[in-house]
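Participant: Quick check, what structure comes out for this input:
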Amino acid sequence: MKNASPIRYTALRSKGSHRISVPSTFGGNAAHILKRHNEQLQTVSGTKVTESSPTAAGYDISFESLEIRDIASALQDPEIIAIAPVMPTKVNGPALQKISTPKQERSTKTKTDEASLLLEKNNLPKAANSFGFTGTSGRSGINRSGINGFYNALYNQGSATWGVTTVKAEKSRYTGEGVSVAMLDTGIDNTHEAFKDIDLEEIDFTGTGNGDDNGHGTHCAGTFFGKDVDGNRIGIAPGIDRAYIAKVIGPKGGDSHMLYQGMEWALNTGAKIIALSLDFDFQGFVSSLIKQGYQETAATAIALDAYRQNLNLFDTLMDLIAVHKEDNGGAIIIAAAGNEDLSESQFLLGNENLPSPYIAPALPGVAKDVISVGAIQLSTTPNTSKNLSLASFSTSLPDIVAPGTSIKSAKLGGGLTKMSGTSMASPHVAGVAALYWEEVSKMGLRPGLLCEAVKDKIASSATHQFFIDNLKAQTADALAPASLRYGVGLVQAPH
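Facilitator: A predicted model of the protein is given here:
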């Protein structure tokens, strides 16, 4: 065997906390907390509890790095409640996107921008029709003003991005004002005009220094809480004035220990919404083990066990967050579902009669009480009222979905750029969560109910209204239930 790198471990230490099970709105056990609002007010003797009432931090947790020789003693330590091998992590975007033609013919061609298909000469009239930009003149049934309107809406010139308008954030009376948030990603370009007047607190866990070496974190932050840029509304919650940015993925990637350290830091800042547009790189871990000399079967087994242990560790962390909700209000964790969907693979292999595999979200999106976010795309199907479908790259078992293709947001170094991926969808939901937190924090709920109230709001307001049924309807793979593809539905901002 080649010189194998010793596997490192992360230990979760907790002082005085206990594991509990908490019903999850997104797991099918909606708490309907808002319906019991008056009852809960009585439990706090009529005192109104607002967003400022919960105390920050106080989680009494820490993540420690261990080597194999430390495991035996760690297992005897009563404060260490979970241990997991360190795994590589990666961002969830940008992604290449496979687009079906309006006739639902299958193509193996990949494109990074759906607009390149929509604006092809033969597709433009039908595409414009599908989005409702109709007219009365011309053989195509749309006039020049209709086409121009479609073009401007698609490219979001001097207006809100299609993501902002699709979740209806531009119509919300809330902006995220007063809500502290955190993002764990590749860092942020703090000089970008989208983050002007926002108090950014940065920390680096990669050893490469603050800032963004990639552009991924800057783009996600722009969608989450960015201010307008050159007349373009890019941010879902532009009223946020304080954000905590943990750099957990550097130029050479990241790992789970960096992520856990970032989680510990973000929780102790008192952030209420924590956004993660990344996942554990299972395939990358297998490949690294094979390069070290492990046989493929052994490498896969080692990686699978490491994944299982990290899932247990993350579940335990989520339990600890729930324990402290009464003290500090807790935090809502939102993660990208992943770009590993294989629902198109049968068409690429010529096996159209085989049922498609529906892929569950990756860790951390699959962890207990974490809201996993899938990506949707604009469709070219000629239907004026239903023009959204699951993006071809998005995992198909998310908790909720949001726009994730051709998303215009902040570009590293200034200006705007487009990216696609569930990474781009996740900050839409994080931003909407901040809007709901602002709303719910003014309703007088005691701290322990804030998180579930916000989640209940997000879940109950999501919609399936605009989705189309165009996924392999003519094959042996009958349409999957909508809950598989879209979860509770398309996230919608509060009015």
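Participant: what's the spacing between Phe393 and Met424?
Facilitator: Applying Cβ to Cβ, to the nearest Å, one obtains 11 Å for the distance of Phe393 from Met424. Heads up, the C-betas are built off the backbone N, CA and C, glycines and all.
Participant: same question, Gly178
Facilitator: In terms of Cβ to Cβ, Gly178 sits 26 Å off from Met424.
Participant: Looking at Phe393 and Met424 now, which is surrounded by more residues?
Facilitator: Legend: neighbour count by other Cβ atoms under 10 Å for Phe393 and Met424, higher for Met424 (32 against 27).
Participant: Where does the more buried one fall, secondary structure wise?
Facilitator: Here Met424, judged by DSSP states H and E, is contained in helix 422-440.
Participant: Could I get the CA-only coordinates of the following helix or strand past that helix as PDB?
Facilitator: Once helix 422-440 ends, the next helix or strand along the chain (criterion: DSSP H and E) is helix 450-461. As requested, the backbone C-alpha atoms of helix 450-461 are provided in PDB (Å, rounded to 0.1, in the frame of the first residue of the first chain):
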ATOM      1  CA  LEU A 450     -39.500  30.800  17.300                       C
ATOM      2  CA  CYS A 451     -37.600  28.300  15.100                       C
ATOM      3  CA  GLU A 452     -40.600  26.000  14.700                       C
ATOM      4  CA  ALA A 453     -42.900  28.900  14.100                       C
ATOM      5  CA  VAL A 454     -40.700  30.100  11.300                       C
ATOM      6  CA  LYS A 455     -40.400  26.600   9.800                       C
ATOM      7  CA  ASP A 456     -44.100  26.200  10.000                       C
ATOM      8  CA  LYS A 457     -44.600  29.500   8.200                       C
ATOM      9  CA  ILE A 458     -42.200  28.500   5.400                       C
ATOM     10  CA  ALA A 459     -43.800  25.000   5.000                       C
ATOM     11  CA  SER A 460     -47.400  26.200   5.000                       C
ATOM     12  CA  SER A 461     -46.900  29.000   2.500                       C
END
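Participant: Please name every helix or strand in contact with helix 450-461.
Facilitator: Other helices and strands packing on helix 450-461, by 3 or more Cβ pairs under 8 Å, 6 or more residues apart in numbering; DSSP states H and E, are strand 332-336, helix 422-440.
Participant: what is the orientation angle of that helix with helix 422-440?
Facilitator: Using axes from the mean of the first three to the mean of the last three Cα atoms, to 10 degrees, the inter-axis angle of helix 450-461 relative to helix 422-440 is 110 degrees.
Participant: What residues sit buried inside helix 450-461?
Facilitator: Of the residues in helix 450-461, those buried under the neighbour-count criterion (16 or more other Cβ atoms under 10 Å) are 450-459, 461.
Participant: tell me the average confidence for that helix?
Facilitator: The predicted model gives helix 450-461 an average pLDDT of 95.
Participant: for stretch 275-291, same thing?
Facilitator: Per-residue confidence for stretch 275-291 averages out to 95 on the pLDDT scale.
Participant: can you pull the alpha-carbon coordinates of that stretch into PDB?
Facilitator: Taking Å, rounded to 0.1, in the frame of the first residue of the first chain, the C-alpha atoms of stretch 275-291 are listed here in PDB:
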ATOM      1  CA  ALA A 275     -26.900  28.800   5.300                       C
ATOM      2  CA  LEU A 276     -24.800  26.000   3.900                       C
ATOM      3  CA  SER A 277     -24.300  25.600   0.200                       C
ATOM      4  CA  LEU A 278     -22.000  22.600   0.400                       C
ATOM      5  CA  ASP A 279     -22.000  18.900   1.100                       C
ATOM      6  CA  PHE A 280     -19.800  16.000   2.100                       C
ATOM      7  CA  ASP A 281     -17.800  14.700  -0.800                       C
ATOM      8  CA  PHE A 282     -18.400  10.900  -0.500                       C
ATOM      9  CA  GLN A 283     -17.100  10.100  -4.000                       C
ATOM     10  CA  GLY A 284     -14.000  12.400  -3.400                       C
ATOM     11  CA  PHE A 285     -13.300  10.500  -0.200                       C
ATOM     12  CA  VAL A 286     -13.500   7.100  -2.000                       C
ATOM     13  CA  SER A 287     -11.200   8.400  -4.700                       C
ATOM     14  CA  SER A 288      -8.600   9.700  -2.200                       C
ATOM     15  CA  LEU A 289      -8.600   6.300  -0.400                       C
ATOM     16  CA  ILE A 290      -8.100   4.400  -3.600                       C
ATOM     17  CA  LYS A 291      -5.200   6.700  -4.500                       C
END
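Participant: So which bits of it are buried?
Facilitator: Of the residues in stretch 275-291, 275-282, 285-286, 288-289 count as buried by neighbour count, 16+ other Cβ under 10 Å.
Participant: try stretch 78-91
Facilitator: Residues of stretch 78-91 classed as buried: 80-91 (neighbour count, 16+ other Cβ under 10 Å).
Participant: Let me have these in JSON lines, adding secondary structure as columns.
Facilitator: Conversion of the buried residues of stretch 78-91 to JSON lines gives the following (DSSP: H, G, I helix; E, B strand; the rest coil):
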{"residue": "Ile80", "secondary structure": "strand"}
{"residue": "Ile81", "secondary structure": "strand"}
{"residue": "Ala82", "secondary structure": "strand"}
{"residue": "Ile83", "secondary structure": "strand"}
{"residue": "Ala84", "secondary structure": "strand"}
{"residue": "Pro85", "secondary structure": "strand"}
{"residue": "Val86", "secondary structure": "coil"}
{"residue": "Met87", "secondary structure": "coil"}
{"residue": "Pro88", "secondary structure": "strand"}
{"residue": "Thr89", "secondary structure": "strand"}
{"residue": "Lys90", "secondary structure": "strand"}
{"residue": "Val91", "secondary structure": "strand"}
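Participant: returning to what we had before: let me have the buried residues of helix 450-461 in TSV, extended by distance to Tyr9.
Facilitator: Conversion of those to TSV gives the following (distance: Cβ to Cβ, whole Å):
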residue	distance to Tyr9
Leu450	34
Cys451	30
Glu452	33
Ala453	37
Val454	34
Lys455	32
Asp456	37
Lys457	38
Ile458	35
Ala459	36
Ser461	41
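Participant: Find me whatever residue is spatially closest to Val370, sequence neighbours aside.
Facilitator: With Cβ to Cβ, 6 or more residues apart in numbering as the measure, Ile333 is the residue that lies nearest to Val370, at 4.7 Å, once sequence neighbours are left out.
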